[in-house]
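In: 3D model of this:
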Amino acid sequence: MAQSFDYESASATDEGHTDTSPLERLAEIAARTAEETGKFANVDAILRIPVTMQVVLGSATIPVANLMKLGRGAVVPLDHRVGEPVDVVVNGRVVARGEVVVVEEDNSRFGVSLTEIVGPLGQGDS
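Out: A predicted model of the protein is given here:
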């Protein structure tokens, strides 16, 4: 039988953890839930499973004829505007939204500053 989990109460009890990332908080919640239920003997094995994470800057729909005309230097306008949040997608599912930032340690790389965590039913929990 599947173990139900109350996301609202977990988030309410973790509000004091402002110095940890949302993923670290999720790992803490999973570990605590595993300890309390005794159902997961090795939660560390689950936390080491690799996932594919993507940041979607935007998308565009164009006819194949126009796609074939694209060449070096062509600009394809996307549906997102500058300043709008980008979607953070993990294994094909939007899990958060954020802002594109320049990584402080290395100005030649971009990163994402998370501004909103998407709830379990696809609703924002900022």
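In: Low-confidence stretches in the chain?
Out: Within the chain, the stretches with pLDDT under 70 are 1-20, 33-41, 120-126.
In: The same query, at a cut-off of 80, please.
Out: 1-45, 105-106, 119-126 (pLDDT under 80).
In: And for the residue lying closest to Pro77 once chain neighbours are set aside, the neighbour number?
Out: In this structure, Pro77 finds its nearest non-sequential neighbour in Ala60, 6.4 Å apart by Cβ to Cβ, 6 or more residues apart in numbering. All C-beta spots, glycine's among them, are computed from the backbone N, C-alpha and C. For Ala60, the count of nearby residues is 11 (other Cβ atoms under 10 Å).
In: Checking Ala60 next. Helix, strand or coil?
Out: coil (DSSP: H, G, I helix; E, B strand; the rest coil).
In: Asp44 - that's part of a helix, no?
Out: Yes - assessed by three-state DSSP, Asp44 belongs to a helix.
In: Quick check: the gap between it and Val90.
Out: Using Cβ to Cβ, to the nearest Å, we find Asp44 at a distance of 19 Å from Val90.
In: Kindly report the same for Pro50.
Out: 11 Å.
In: quick one: which of these two has more around it?
Out: Val90 (13 against 6).
In: Quickly list what that one is bridged to.
Out: Met53, Arg93 (DSSP bridges).
In: Tell me if I'm right that it and Val55 touch.
Out: No - with contacts counted by Cβ atoms under 8 Å, Val90 stays clear of Val55, the gap being 10.5 Å.
In: what's around Val43, how many residues?
Out: Counted with other Cβ under 10 Å, Val43 comes out at 16.
In: repeat for Val112
Out: Residues near Val112, counting by other Cβ under 10 Å: 18.
In: and what of Ala96?
Out: 23.
In: Remind me which helix or strand it belongs to.
Out: Applying DSSP states H and E as the criterion places Ala96 in strand 93-102.
In: Right, I'll call it a day here.
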